[in-house]
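Engineer: Structure here, sequence nowhere to be found:
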């Protein structure tokens, strides 16, 4: 009798109708769970998008241009190739100072020497990661522009390029080329104070003087560091120089102007007659490859002392 009852219960559980009903119940639970998960994902994505959008300033032309370059570029496109994509773009200073509150500003229509370098470096990092999206580019631009890659107000932006170099080396994004010696025979002792001594020259510091002590503390932390550079008289068209400085390397021009470390930025371009500079030029009013050699360019400016060399990984 017990065997008959057990058999009956087994038949009941394994009958086609009951199996179908249980299958449908399982499917309903799965669909419900999947729907909730999908809905939650959409909400999180939408919320993240709103946060991202709230912290980024750009025009549609900027996102289109950046995505065009990413789509056009070969997977292993060189830094120099990327930099040349911006030749002819007008030189405009202070494009990052458009908001009262610090935001990630993207402006591919107007560039200065710093934003050109950051734009190209962010593109190079994005391609090296095998990514070709706008959001990936924004991630890398944020990593480059801010200390530790975190946007946390105006002081989090790396205002002195020596500070930028040290922070990006620490993050593993660039290499600070410091040898061989020669040609890296000169030494610079960093001594920065320009921002805290001239707060009226900076929109954010003028509007919020309470930020000046924070900037001064950053300057004090940077001051005293020693780095090697190539003196301008040592920039020659030699095999050693060509082996040391590569096409597309970031060129940071050192200077002896009081309170400053770096006077100008650009990218290395080798030609038959020697090393040239691709830069956002205030003199030419646009991004150009300088027709004169970098050696001659530096010798024309008494406050320029030489170059540091930085390579995007």
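Structural biologist: Noted; the coordinates are in hand. Everything quoted here is computed from the prediction, not taken from an experiment.

Engineer: Could you look up the SS state of residue 97?
Structural biologist: Following DSSP: H, G, I helix; E, B strand; the rest coil, residue 97 is assigned to coil.

Engineer: How about residue 214?
Structural biologist: Looking at residue 214 with three-state DSSP, the answer is helix.

Engineer: Pretty sure it sits against residue 155.
Structural biologist: Yes. Shown here, residue 214 and residue 155 form a contact pair, counting by C-beta atoms under 8 Å, at 4.6 Å. Bear in mind the C-beta positions are built from the backbone N, C-alpha and C, glycine included.

Engineer: Comparing these two, which residue is more hemmed in?
Structural biologist: Applying other C-beta atoms under 10 Å to residue 214 and residue 155 shows that residue 155 carries more neighbours, namely 20 against 16.

Engineer: ok but the more buried one is inside a strand, no?
Structural biologist: No. Counting by three-state DSSP, residue 155 is located in no strand; its state is helix.

Engineer: Roughly how far does the spatially closest residue to residue 300 that is not a sequence neighbour sit from residue 145?
Structural biologist: Of all residues not flanking residue 300 in the chain, residue 292 sits nearest, at 8.0 Å (C-beta to C-beta, 6 or more residues apart in numbering). Per C-beta to C-beta, to the nearest Å, residue 292 is found 30 Å from residue 145.

Engineer: More neighbours: those two, which one.
Structural biologist: More neighbours surround residue 145 than the other of residue 292 and residue 145, with 21 against 14 (other C-beta under 10 Å).

Engineer: how close does the more buried one get to residue 159?
Structural biologist: 10 Å.

Engineer: got it, and residue 72?
Structural biologist: Taking C-beta to C-beta, one finds residue 72 at 32 Å from residue 159.

Engineer: didn't residue 89 look like it was pressed against residue 107?
Structural biologist: No. Residue 89 is beyond contact range of residue 107, at 9.6 Å (criterion: C-beta under 8 Å).

Engineer: Common neighbours of these two, please.
Structural biologist: Contact criterion C-beta atoms under 8 Å, 6 or more residues apart in numbering; residues shared by residue 89 and residue 107: none found.

Engineer: The stretch 51-200 of the chain: helices as residue ranges?
Structural biologist: 60-72, 79-84, 113-128, 134-145, 161-170, 194-197 (DSSP state H, counting those that start in this stretch).

Engineer: what does stretch 238-247 contact?
Structural biologist: Residues outside stretch 238-247 that contact it (C-beta under 8 Å, 6+ apart): 78-80, 177, 180, 182-184, 230, 235, 251, 268-270, 275, 309, 311.

Engineer: what is the nearest residue to residue 281 once chain neighbours are set aside paired to in the beta sheet?
Structural biologist: Using C-beta to C-beta, 6+ apart and skipping the chain neighbours, the partner closest in space to residue 281 is residue 288 (5.3 Å). Residue 288 has these beta-bridge partners by DSSP bridges: residue 279.

Engineer: measure residue 288 to residue 66 for me?
Structural biologist: Counting by C-beta to C-beta, the gap from residue 288 to residue 66 is 21 Å.
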